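S.K.: Okay, sequence plus prediction incoming.
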Amino acid sequence: MNKDYYIKNIEKFRESARNHYKNNKEKHSLYQKNRLMEYKKNAFEAMGGVCVRCGFSDYRALQIDHIQGNGQTHRMQMGIRGTTPIYYNLVESSVKNNEGRYQLLCANCNWIKRVENKEQHKQFFTGRKQAVRRGLNGG
């Protein structure tokens, strides 16, 4: 197939791709999930694979922490939403270059650090205070 034929029939190719995706959603979703886990695993391995505070090593509870506490701002500046292969590649590259931006923490140590350094998202706690005032805190 040559380029001219593709350009001339681009809608046909797009429709074919849409149909293929529609008929293989589960397979596609599993592929994407496995691909993301591979990027995450590579980034975690580059970071030592354990929480730097307590040594916890179960990857299911490990999290990438921005040492300066500016994770959300940094991702927004980079145009990255959530955890994507691009994000994990960025972290892995930064770690390999010894830039000192990231560390690996377990979920507990990450929350403790956030509280100690007052890094909590203001929206979360503002919403919580309002819920408590209205008696919606469940207790």
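M.R.: Received it, and whenever you're ready, just let me know what you need. Numbers count the residues shown, from 1 in each chain.
S.K.: Could you look up the SS state of Gly100?
M.R.: At Gly100, secondary structure determined by DSSP: H, G, I helix; E, B strand; the rest coil is coil.
S.K.: In this protein, where is pLDDT below threshold?
M.R.: Counting by pLDDT under 70, the chain contains low-confidence ranges at 1, 120-139.
S.K.: In it, mark out all the helices, start to finish.
M.R.: Taking DSSP state H to define them, one finds helices in the chain at 3-8, 10-23, 25-46, 71-78, 85-96, 107-116, 122-133.
S.K.: name the helices or strands packed onto the third one?
M.R.: In this structure, helix 25-46 makes packing contacts with helix 85-96, judged by 3 or more Cβ pairs under 8 Å, 6 or more residues apart in numbering; DSSP states H and E. In this view, the C-beta of every residue, glycine as well, is placed from N, C-alpha and C.
S.K.: switch the cut-off to 10 Å
M.R.: Secondary-structure packing of helix 25-46 (3 or more Cβ pairs under 10 Å, 6 or more residues apart in numbering; DSSP states H and E): helix 10-23, strand 62-66, helix 85-96, strand 102-106.
S.K.: looking at the ones you listed, which is closest to Ala43?
M.R.: The minimum distance between Ala43 and these falls on helix 85-96, with 4.4 Å, by Cβ to Cβ.
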